[in-house]
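# I would like to see how this sequence folds:
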Amino acid sequence: MKDVIIIDSTLPAIGHSLEYLFKAVNSGETPIEMIFSKIKDLSFEKIVLLPREEDEVKDRIKEFCKEKKVSHWTAKEKTGNNADLYRNINQLVNEKSIENIILCYIDSPLIDMTMLDRLYRAHKDNLAEYTFGDNFAGGLVPEILSREFIRKISEHQYKKPDVLSRNVFDCIDADINKFFIEVEIAEVDLSLLRVEFTASNLRNFILLENLLKHTDKSDGYKKYYEAIQKNPEILFIAPKYIEIEITNETNISSIIKPASAGKMTRRIKKMDLSLYKKIIDQVSDPWNDIIISYSLMGEPLLHPDILKFLDYAIEDNKIFTVIIETNGINLDQELIKKLSAYPAEKLVLLFHLDSIIRETYYKLNKTDDKDALDKTVKNINEFINYNEYNRLRSFVQITKIKENNLEIEDFYNFWQSKGVQVVIQKYNGYLGALEDRSVVDITPLDRVPCWHLQRDLEILVNGDVPVCKQDFDGKIIVGNLGKDPVKGIWDKIKKFYLYNYKAEYNKLKICSSCDEWYTYNF
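Numbers count the residues shown, from 1 in each chain. Here you go, the predicted model:
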């Protein structure tokens, strides 16, 4: 029995993300050259796990392995998710008589070699089944798995069979106490940055280029963190999560939403399809990882062209994922069928439903429709039951406030019993525009840079772009996507991002009184 480094290219190959392996970073080495140079002197045997499918990139990897005198092994099964990966690794382990594997990915050129050594020692000294690093950014720290652990997870029946993750821990949805696990906690928490130091797509490749202008490939995670603290523009690349207000019209008056609570003064309007197409074309080029959400101040299902909007984003494959944030009242049978026809991985529905108790529901939502709650629950149930995929792409959200605080456990149990994931959201008072209904102040003691300014873009119904979603009335506009290029707008937001990163909150008044800086979206 032996210990082996397995460099997987099957999981990174999903979504054709291997195209940046052979592109030079800052006109120097390519990511594949960097990872091979890092591990070349390690005493372990190295095996590159290749996809079963033949393509040009796979052939280039095989040639590179031959040049570097590194073994490769072709997966016996097609890899479409983590479960497939672990079954393939289990076959490799049995065929090659391997005791432990050090698992890393072929598009991760910045592996922290010091941490790899510490993890391996801990794994061996403590006879662990699975050893990993916690609070590190993606791509920095390999995982170590024993032969027995690989057997167990290759036979595991996953609750979410299509899960895709670079972290084995994310895939263990069974009782983790069944495994003997060792963990190394990062001294500085890079997970708060919510970034991945890989060459998995264009965005991450640019991040590598930005980072390596200030550091070296041999530096560890601490130096990377220090470089980002000194040069926060490293992280500011392009918008990724984009909230589009396709309408600011509402069909129910929620006391926790500024528009229906009478706090918004903007004119009620529906977005033109031509403007929407112009927006989608701008924000999606050249990115392949954009998530858009039909949200902000209106009820998206009120827009008569919503299916045309979805077709343009999804059928033309311009957008990675579309999220519809809805109260569910207008989700009739015809719409359920049409929405269910979209690929499950492309469309997510987030139902805003802050109570299933009639008294509380009508206290929070002013409406003349006395059957609104029953209709909503019925519509959500019919959607999730229409086909098996709808449970995977459905979320029901409850905002935790004084009025429903004692109902949250029952709400959670009710929807979990139906196989629907529940989101418990903090209350947003929109900088004091709404009455404070929060139950408890959960704001962290130490403020970190705002996640939203780093990657979010808010687009109002007329194409205006405010600095932040807290500006629901559009008082601080940095451009209009019907007229201005997205790059110019994003460059204007960068100034406010840097103010925030340097804790100069007084330079943007809405930042000084905000408590949403630590929240994040999908």
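
# From now on I want contacts and neighbour counts done on CA atoms only, so please keep to that.
Noted.

# what about residue 398, distance to residue 424?
Distance from residue 398 to residue 424, counting by Cα to Cα, to the nearest Å: 5 Å.

# between those two, who's got more neighbours?
residue 398 (24 against 15; other Cα atoms under 10 Å).

# Enumerate every residue touching that one.
Residue 398 sits next to 352, 353, 354, 355, 408, 422, 423, 424, 425 when contact means Cα atoms under 8 Å, 6 or more residues apart in numbering.

# buried subset of those residues?
352, 353, 354, 355, 408, 422 (16 or more other Cα atoms under 10 Å).

# Tell me where the stretch 251-400 of the chain is predicted with low confidence.
Applying pLDDT under 70 to the stretch 251-400 of the chain flags no residue at all.

# just the helices in it please.
273-284, 306-310, 333-340, 358-364, 372-386 (DSSP state H, counting those that start in this stretch).

# so which of those comes closest to residue 263?
Closest of the helices of the stretch 251-400 of the chain to residue 263 is helix 358-364, at 15.6 Å (criterion: Cα to Cα).

# Residues touching that closest one, excluding its own?
Against helix 358-364 from outside (Cα under 8 Å, 6+ apart): 254, 255, 256, 354, 355, 373, 403, 404.

# out of those, which are inside strands?
Among the contacts of helix 358-364, the ones falling in strands (DSSP state E) are residue 254.

# between the contacts of helix 358-364, which has the most around it?
residue 354 (27 neighbours).

# what's the spacing between that residue and residue 406?
Applying Cα to Cα, the value for residue 354 to residue 406 is 12 Å.

# One more: residue 413?
Distance of residue 413 to residue 406, given as Cα to Cα: 13 Å.

# can you map out the helices along the stretch 401-522 of the chain?
Under the criterion DSSP H, counting those that start in this stretch, the stretch 401-522 of the chain contains helices at 408-416, 451-455, 486-501, 509-512.

# what's the neighbour count on residue 238?
Counted by other Cα under 10 Å, the residues lying close to residue 238 total 20.

# Check residue 170 too.
11.

# what's the average pLDDT for stretch 515-522?
On average, the pLDDT along stretch 515-522 is 80.

# Output that stretch as CSV - backbone C-alpha positions only.
In CSV, the C-alpha atoms belonging to stretch 515-522 read as follows (Å, rounded to 0.1, in the frame of the first residue of the first chain):
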residue,chain,number,x,y,z
ASP,A,515,-26.0,46.5,8.6
GLU,A,516,-26.2,44.4,5.4
TRP,A,517,-22.5,44.4,4.7
TYR,A,518,-22.0,40.9,6.2
THR,A,519,-24.9,39.2,4.3
TYR,A,520,-24.5,37.5,1.0
ASN,A,521,-26.7,36.0,-1.7
PHE,A,522,-26.7,32.8,-3.6
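
# If you count neighbours, what's buried in it?
Judged by neighbour count using 16+ other Cα under 10 Å, the buried positions of stretch 515-522 are 515, 516, 517, 518.

# and if you look at stretch 79-97?
Going by neighbour count (16+ other Cα under 10 Å), the buried part of stretch 79-97 is 79-93.

# Cross-check the contact I'm expecting between residue 340 and residue 388.
No: at 9.8 Å, residue 340 and residue 388 do not qualify as touching, with contact defined as Cα atoms under 8 Å.

# okay, those two: which has more neighbours?
Between residue 340 and residue 388, counting by other Cα under 10 Å, residue 340 is the more crowded of the two (18 against 12).

# Tabulate the helices of the stretch 251-400 of the chain (a markdown table), appending distance to residue 463.
Output for the helices of the stretch 251-400 of the chain, formatted as a markdown table (distance: least, Cα to Cα, whole Å):
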| stretch | distance to residue 463 |
| --- | --- |
| helix 273-284 | 7 |
| helix 306-310 | 15 |
| helix 333-340 | 25 |
| helix 358-364 | 30 |
| helix 372-386 | 30 |
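
# What is the nearest of the buried residues of stretch 515-522 to residue 143?
Checking these against residue 143 by Cα to Cα gives residue 518 as the nearest, at 28.2 Å.

# Pretty sure the closest one sits against residue 450.
Yes: using Cα under 8 Å, residue 518 is in contact with residue 450, at 6.4 Å.

# Give the helix, strand or coil label for residue 4.
Assigned by DSSP: H, G, I helix; E, B strand; the rest coil, the conformation of residue 4 is strand.

# Next up, the contacts around it.
Counting by Cα under 8 Å, 6+ apart, residue 4 has contacts 44, 45, 46, 47, 98, 100, 101, 102.

# tally of neighbours for the third one?
A count of neighbours around residue 46, defined by other Cα under 10 Å, yields 22.

# and it, that one's in a helix?
No: counting by three-state DSSP, residue 46 is not found in a helix; it is strand.

# Next, the contact list for it, please.
Counting by Cα under 8 Å, 6+ apart, the residues that residue 46 touches are 4, 5, 6, 7, 70, 71.

# follow-up on the earlier one: just the buried members of the contacts of residue 4?
Here, 16+ other Cα under 10 Å leaves 46, 47, 98, 100, 101, 102 buried among the contacts of residue 4.

# Test my guess that the third one contacts residue 5.
No: using Cα under 8 Å as the test, residue 98 is too far from residue 5 to be in contact (10.1 Å).

# Residue 202 contacts residue 20, doesn't it?
Yes: counting by Cα under 8 Å, residue 202 touches residue 20, with 7.5 Å between them.

# And those two? Which one has more around it.
Taking neighbours as other Cα under 10 Å, residue 202 and residue 20 compare with residue 20 leading, 20 against 17.

# Chain neighbours aside, what residue packs nearest to that one?
Leaving aside its sequence neighbours, residue 20 sits nearest to residue 199 (Cα to Cα, 6 or more residues apart in numbering; 5.8 Å).

# Phi and psi next, for the one you found.
When read as degrees, to the nearest 10, the backbone of residue 199 gives phi -110, psi 40.

# for residue 101, same thing?
According to degrees, to the nearest 10, residue 101 has phi -120, psi 140.

# Does it touch residue 8 like I think?
No: if you go by Cα under 8 Å, residue 101 and residue 8 don't touch, sitting 11.3 Å apart.

# re the thing from before, for the helices of the stretch 401-522 of the chain, which one sits closest to residue 466?
helix 486-501 (9.1 Å).

# counting contacts, what elements does the closest one pack onto?
helix 451-455, strand 477-480 (3 or more Cα pairs under 8 Å, 6 or more residues apart in numbering; DSSP states H and E).

# what does the shortest one contact?
Same thing as strand 477-480. Applying Cα under 8 Å, 6+ apart, the external contacts of strand 477-480 come out as 462, 463, 464, 465, 466, 467, 489, 492, 493.

# one more time with 6 Å
463, 464, 465, 466, 489 (Cα atoms under 6 Å, 6 or more residues apart in numbering).

# nearest to residue 505, of these?
Distance ranking of the contacts of strand 477-480 against residue 505, using Cα to Cα, places residue 466 first at 16.8 Å.

# Tell me who's in contact with the closest one.
Residue 466 makes contacts with 474, 476, 477, 478, as judged by Cα under 6 Å, 6+ apart.

# Out of those, which is nearest to residue 285?
Nearest to residue 285 out of those is residue 478 (Cα to Cα; 20.1 Å).

# The closest one and residue 38, how far apart?
Following Cα to Cα, the distance that separates residue 478 from residue 38 is 44 Å.

# So for the two, which sits in the more crowded spot?
Counted by other Cα under 10 Å, residue 478 and residue 38 do not tie: residue 478 has more neighbours, with 19 against 16.
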